[in-house]
Structure formats: structure tokens, C-alpha cells
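[1] fold the following.
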Amino acid sequence: MKTLVVKSLLASLCQREGTHPSWAKRGEGRFFKNDTLLMNSLITLLFTVCCLLFTPYCFAEVQTIITAETLEYDQKTTTYIAKGRVKIERTGTTVEADEMTYNEQTSDIVAKGNVQYNDPEVSMTAGSANLNLETKTGKIFDAEILFKKDNYHISGREMEKKGDDYYFIPKATFTTCDAPLPAWCFSGKDVSITAKDKLQAKDTSFRIKNIPVLYTPYFQAPFLNERKTGFLMPVIGYSNQRGAHLNIPFYWAISENRDATFIFDEYTKRGIGEGLEFRYLELRNIEGKWWLYHIRDRELAKDFFELRALHDQRSEKGIGGFLNLNIVNEKDFYREYSPYRNLRISRFLESTGEVSLPLESSRAYLLSQYWIDLKEETKSVSQRLPEAGYVLNPAKFGSFWFFATTAFTNFWSDEGLHGQRFDLFPKILHTFGSDIIISQTLGLRETAYSLHRTEDDSPHREAIEYNITGHMRLLKRYESFTHVLEPSLGYTLISNSENSLPVFDSTELFKKTSLIQLSLLNRFFNRDGEILVLRASQGFNSYWGDRPFLPFHLEIGIKKPLAVRLEATYDVHTGRLESTNSDISVKIHDTVISAGQRYNRQDKITFYNGSIGLHPYKPLYLEGKIWYDAKEGETTDMTLNIKYISQCWGVSVEFLKRPGDFNVIFRFELKGLTKTINT
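    Residues are numbered from 1 along each chain as shown. Sure, this is the predicted structure:
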């Protein structure tokens, strides 16, 4: 095996001086005319002198390295002829073949037999190829090209490479599957490929295991580019209540920082919906996403509208803010059109907007908040439209910290009570101690109202809040674990006028209190970290008359070997559980089983949930969930999600059942062409 290093500029300069290496002739891998020591020394000397004379020029060109079993040089055509495991390397590009000719003046290569081309972005195999290493253009025959970024395989009888990023193929197949017989592919004519842009083809058929299943006269897809205008993969479904469902999204790449998706949404039993989602990302950390949807329901004979928006423009130095809108015109929109439980059982929709001005050690803001109660036949909710406030950040004076909040709020309602409220709440914090840490907080609160549609139109309240808490930490190390005990004892005093105030939000829950609170936190650690947390707490409020004890509160968290969370409250006066919430989860090999329970005596809530997730082998994932309402004695929701994600394609099928309705949702993915199904 012989190796030759060629510098094209050096060769041309030496040729002008009459010192070109004409000694290279064919013959058993020999490079020289004879084997005499004098000839070897002379040739070496001539090359050395040439390089020294033209050093800046000689090394201005990148080296081309030729390796072959036999190698000869034709001086008239300035061409190297190589045979037997030929390999040419140049600037990160490698070409290999059984036979190859290389023109050092034009950088043209003619390769035959088991041709392999490789550069940082593309790998190619072919029967033969005519290429130019300088311009990276040429023709390739009986070839398959692999674009490494997204694993695109392009194959055709004849390909024309028109540059680094552009290819034209009269007839080709393309896929992202590795198998010799791909799970899917597209076959088309007049295929043009622009790397990092798009792929276009005519008379295109979509094939599964080489069996044609779909045809389109024109096809276009993003190529090595995640953002490209075009249709996305549709979502297909069926519902007992809404009929067959077809969701066709069209993606518009407006610019580098803006895009939009248009939705065509058809339900055979209800009507046709239209949706628009607009996204943007601007300078100075400005970003947003807006969603607008409408459907005319033929069965209910009414229009449904939905608006969701998120605009974030926060700033630490200047005026900033955010906007979060969640608005529907009909309370039953999610119950009618959402198959997902978390949206259907939502009680309120909250929309909030805020403009904030950061100051040196404080912040001023203007806030608006709008609520939609999704429960039918309920009174209108008082809206915070608007609220102007000022927040003083904690400031240290010696061993004391001072901070405060003040707000003027306008509460509006089209029916019932509404009005304005002024609330001022300054506080002082003081902490001392080392083994036992004592924290004290003293606050003065003034709340005044101007109300409408009520007899007492100007109530007010003045209150003092004082809180003192003592906390300590005890640690005991055992052979296999460490126990940390953290007891705390606190007292809270709130003096309050006896005025009967309206309830707009948590500010009005600031009630007269004389509360002693005892808490005991236990934490257990081993070498792997925290394994168990247990907290028990009990309160005593002397203002609660003959039932001064607050419910006993217990919290338990276990991380190993099972993940367990338990929270319970127990009324010591009645001897009854007031509420319990529990969750347990266990993983056995590739199976995750979990269960949960919720109980609240006052709200009359008792329900259970369970789930199981199976991952029997890498491409397949199964998950099932169930919710059971013990009070109503019925299963409220059941879901089954099946996902299959292979090397180049994926499918997701969701089955969702609730009383009176059954849904099936089908999503399909072609890797490199469509959005990935989340696992």
C-alpha cells in the first residue's frame, strides 16, 4: 500500500521549473524510475528546494492524500491513476473506490467500483461517481446518500450534485429508516434537495414496505430544517358525541422568530372548527403564544369561542410585565369538546395581566385579574379590575428586617356586591439564637372599603399581627441511617375589629386569632439520601370557644423502597377524619404501578384513581388510568394510551372513556418529517 501527499499549487510551480515528478510510473507500487541512491537523493533535494523557495504558496493549499496499492502519474494530463483500495482525503472529505483517477489541476475525480464518499454532513455509497473535490459537484450513479443529521436516506440510479447543499435526482426514494427494506419511504420524480431547507418532488407515492398506499402529484417537506412552511401530520379520532374527527394543521414559518399554525377541525356530528396559533420570540426576552379557536355547533345551535394567550415581557431594570388570557364564551366548552379530564373538571379559568416597574429596593405594579366560573348556575365572580400596588423589598436595619405591601383594588361585578378596597400591611422581622432559633414578626394592617349595593358602604378594619416561632434541630447517627428531629413551637396573635367584612379573596380571611402551633418534623437519611419524612402538627386557638383545638395534621413521605405520600387531618373534638389524600407508586422492572385516594368530609368528596405503565420492550409503551367516584358509585374516566416508537416512525393511539362518551385519538409520526410523539 502506497501513500502520496499532493499539493496542487506546489506541483504547478515545480512543473514550470522543469522539476515535476515524472518519475512516477506504474509498476508493482514503485514510485521511481530506478532504485539508485543518487536518484532518490536528487528527487528529495529538488522537492526540498522547491518548497523552501515558495513556502508561503506551497502551504496555502490544503493537502490531498492519495493511498492505493498501485499508483501512476500522467504528466501530460496532470492526472494520477490509482488502483486497489484507493482512498483520497482532502479537507475533511474522503473518497474511496476500487479504481480512481485524480486530476491535480482541476480536482476532478472519476471513481469506479464500491465508491464511498464521506464528509462531516453526508455519507454516500455508489457504483461510480464523477466528482470535483473543490466545488463538490458532479454526478453519482447507483447511489445512496445518507444525511447524517436527521438520518435521511436518498437513493437513485443517477444523481447530480450541484454544490455543497443542492442535489437533483430524476427519480429517487427517500426515507429515514435504516433497514434495507424500509418501513416507509416516499418515491418521486424530479426530486430536488436543498440541505437545511426543503425537499421537493413530483408524482410522489408514499409506500409502506414498498407497497404504495398514497399518491400526490406534488410533495414538499422540510429537509434538515425543523421550521418549514407546510402541512403537518393530521390527527384522526372518533367520539360517540361528536362523531369522526379530522384535525389538519398547516404550519407557516413566518420568519426566524415568528411562526403560526392554522387548524382545520372537523367533527361529523357537530360541525367544522377553525383555529390559529401564533408564536413569537423577540429581543429583550420577549416571547408569546396566542391561540384562537371557533366552532359552530350544529347540534347545540351555538358558537363556541376560545382564546388563550401568553405574553411575557419581564424586565429587572425597566418597565415589564406579562399577560395570561384564558377565555371561553360558553361555560360548557371543555365539557363538550375536550376529551381530557383535567380540562373538563376545571372549576375556574383565570386571566391575569400585570405591568411592573422595578425600583431600587421596591416594585410598583398595575394588575388586572378576571375569573370565569365554569360551573353552571353560579353567581358572577368579583373581578379584580384593576389593582394598583407597591411592594417594599426586605430592607435590613441592624438585626431587623422591614418590608411592606400596599394595594388599592377595584372589585367589579355585574350583579351583587362590588366596590374598592385599600390594604396596607407593613411588617418587621427579627431573628436571633443559634442552637434554638427564634423568629419574630410584627405587622400592622389597615383595610378600608368603599362598597356598593350594601347597607354598610364604608367598613374598615385595623389589626395587629404578631408571630413568634422557636425552632431547633437534633441529630442522631445510627449504623445504617441518620435521624434528624426538628421540633418547633409558634404563637400567632391577630387582633381584629368585629366588623363584618365582605369576602373578595384571602385578605378577608385575616381573622381574630390567638393560636399556639406545635410541629414535629422527623427526617431519616441513609447513604443514598433522604428516605422518610414525617411531620405531625397540632394547633390550639383560644378564640374558638369550647372547641379550641385545630384538626391534628399528619404528613408522611416515603421515597424508598416505595414512593408513598400520605396527608390526613383528624378532628379531635368529633373523632372523625376530615380529609385524607394518599398516593403510592412502585416500579418493578419496566412496569410502574400507582394508586391514589382523595377524601374530604366537608366537601363530600371520595374518589380513587389508579394507573399502570408498561414498557415491555424499547419501542412499545402502554399506560392505563382509571378514576372512580365512590360517592356517585361510578367510574368517571378511563384512559388507555398505546405508543410505538421505532427507529424511523411512531404511532400513538389514545382511548378515553367517560359516562356518555367514548373517544379514540390517532397520531402518526414519520421521523424527520413530522413532530415527535412524546414518550
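[2] so where does residue 343 fall, helix or strand?
    If you go by DSSP states H and E, residue 343 is part of helix 341-344.
[3] now do that helix: which elements does it pack against?
    Packing partners of helix 341-344 (3 or more Cβ pairs under 8 Å, 6 or more residues apart in numbering; DSSP states H and E): helix 333-337, strand 634-645. Heads up, the C-betas are built off the backbone N, CA and C, glycines and all.
[4] and if we set it to 6 Å?
    Helix 341-344 sits against helix 333-337, with contacts defined as 3 or more Cβ pairs under 6 Å, 6 or more residues apart in numbering; DSSP states H and E.
[5] just the helices in the stretch 1-150 of the chain please.
    8-16, 37-53, 55-58 (DSSP state H, counting those that start in this stretch).
[6] dump the residue contacts of residue 4.
    residue 66 (Cβ atoms under 6 Å, 6 or more residues apart in numbering).
[7] what pLDDT does it get?
    Here, the pLDDT recorded for residue 4 equals 71.
[8] and what of residue 37?
    pLDDT, residue 37: 45.
[9] residues of the helix holding residue 343 that come out buried?
    The neighbour-count check on helix 341-344 (16 or more other Cβ atoms under 10 Å) flags 341, 344 as buried.
[10] how about it as CSV, C-alpha atoms only?
    In CSV, the C-alpha atoms belonging to helix 341-344 read as follows (Å, rounded to 0.1, in the frame of the first residue of the first chain):
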residue,chain,number,x,y,z
ARG,A,341,-60.2,15.1,32.3
ASN,A,342,-58.1,18.0,33.7
LEU,A,343,-59.8,20.5,31.4
ARG,A,344,-63.3,19.1,31.8
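[11] beyond that helix, next helix or strand please.
    Next along the chain after helix 341-344, taking DSSP H and E as the criterion, comes strand 348-358.
[12] residue 382 reaches residue 413, doesn't it?
    Yes: in terms of Cβ atoms under 6 Å, residue 382 counts as a neighbour of residue 413; the distance is 4.7 Å.
[13] more neighbours, these two?
    Per other Cβ atoms under 10 Å, whichever of residue 382 and residue 413 has more neighbours is residue 382, with 20 against 17.
[14] how far away is the more buried one from residue 578?
    28 Å (Cβ to Cβ, to the nearest Å).
[15] which parts of the stretch 351-500 of the chain are strands?
    362-373, 383-397, 400-412, 418-432, 436-452, 460-472, 474-477, 482-495 (DSSP state E, counting those that start in this stretch).
[16] can you dump the C-alpha atoms of the fourth one in PDB for me?
    If I follow you right, that is strand 418-432. Output in PDB follows, covering the C-alpha atoms of strand 418-432 (Å, rounded to 0.1, in the frame of the first residue of the first chain):
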ATOM      1  CA  HIS A 418     -68.800  45.500  44.300                       C
ATOM      2  CA  GLY A 419     -66.500  48.300  45.300                       C
ATOM      3  CA  GLN A 420     -63.000  49.400  46.200                       C
ATOM      4  CA  ARG A 421     -60.500  48.200  48.800                       C
ATOM      5  CA  PHE A 422     -57.400  49.800  50.300                       C
ATOM      6  CA  ASP A 423     -55.000  47.500  52.100                       C
ATOM      7  CA  LEU A 424     -51.700  48.500  53.800                       C
ATOM      8  CA  PHE A 425     -49.600  45.800  55.500                       C
ATOM      9  CA  PRO A 426     -46.100  46.700  56.800                       C
ATOM     10  CA  LYS A 427     -44.000  44.100  58.800                       C
ATOM     11  CA  ILE A 428     -40.900  43.900  60.800                       C
ATOM     12  CA  LEU A 429     -38.800  40.600  61.200                       C
ATOM     13  CA  HIS A 430     -36.300  39.800  63.800                       C
ATOM     14  CA  THR A 431     -34.300  36.600  64.200                       C
ATOM     15  CA  PHE A 432     -31.800  35.600  66.900                       C
END
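[17] show residues contacting it.
    400-412, 438-452, 507.
[18] what pairs with that strand, and is each one parallel or antiparallel?
    According to DSSP bridges, strand 418-432 forms sheet pairs with strand 400-412 (antiparallel), strand 436-452 (antiparallel).
[19] quick one: closest of those to residue 377.
    Smallest distance to residue 377 across these (Cβ to Cβ): 21.1 Å, for strand 400-412.
[20] which element, helix or strand, includes residue 202?
    Per DSSP H and E: strand 197-208 holds residue 202.
[21] contacts for that strand?
    184-193, 212-216, 219-223, 225, 228.
[22] mind checking which of these are buried?
    Buried among the contacts of strand 197-208 by 16+ other Cβ under 10 Å: 184-188, 191-193, 219-223, 225, 228.
[23] report the two of the residues you listed separated the most.
    Pairwise over these, using Cβ to Cβ, the maximum falls at 187 and 225, 22.0 Å.
[24] check contacts around residue 195.
    Applying Cβ under 6 Å, 6+ apart to residue 195 gives the contacts 165, 224.
[25] what is the subsequent helix or strand relative to the helix or strand encompassing residue 277?
    In this assignment (DSSP H and E), residue 277 forms part of strand 271-282. Counting by DSSP H and E, the next helix or strand C-terminal to strand 271-282 is strand 286-297.
[26] now that following strand, how far from the centre of its chain.
    How far strand 286-297 lies from its chain's middle: 20 Å, per Cα atoms, centre = their mean, to the nearest Å.
[27] partner strands of it, parallel or antiparallel?
    strand 271-282 (antiparallel), strand 302-313 (antiparallel).
[28] list the buried residues for it?
    288, 290-295, 297.
[29] same check on stretch 107-115?
    Here stretch 107-115 shows 107-112, 115 as buried, counting by 16+ other Cβ under 10 Å.
[30] pull the most distant pair out of these.
    107 and 112 (17.9 Å).
[31] list the beta-bridge partners for residue 586.
    If you apply DSSP bridges, the partners that residue 586 bridges to are residue 593.
[32] wait, residue 108 sits on residue 131?
    No: the pair residue 108 / residue 131 is not scored as a contact, 7.4 Å apart, by Cβ under 6 Å.
[33] among the helices and strands of the protein, which has the poorest mean pLDDT?
    helix 8-16 (a mean of 40; mean pLDDT, DSSP states H and E).
[34] which strand residues bridge residue 549?
    residue 540.
[35] and it, how far from residue 534?
    Relative to residue 534, residue 549 is positioned 21 Å away (Cβ to Cβ).
[36] same thing with residue 451?
    Between residue 451 and residue 534 the computed distance is 46 Å (Cβ to Cβ).
[37] so, low pLDDT: which residues of the stretch 101-250 of the chain?
    226 (pLDDT under 70).
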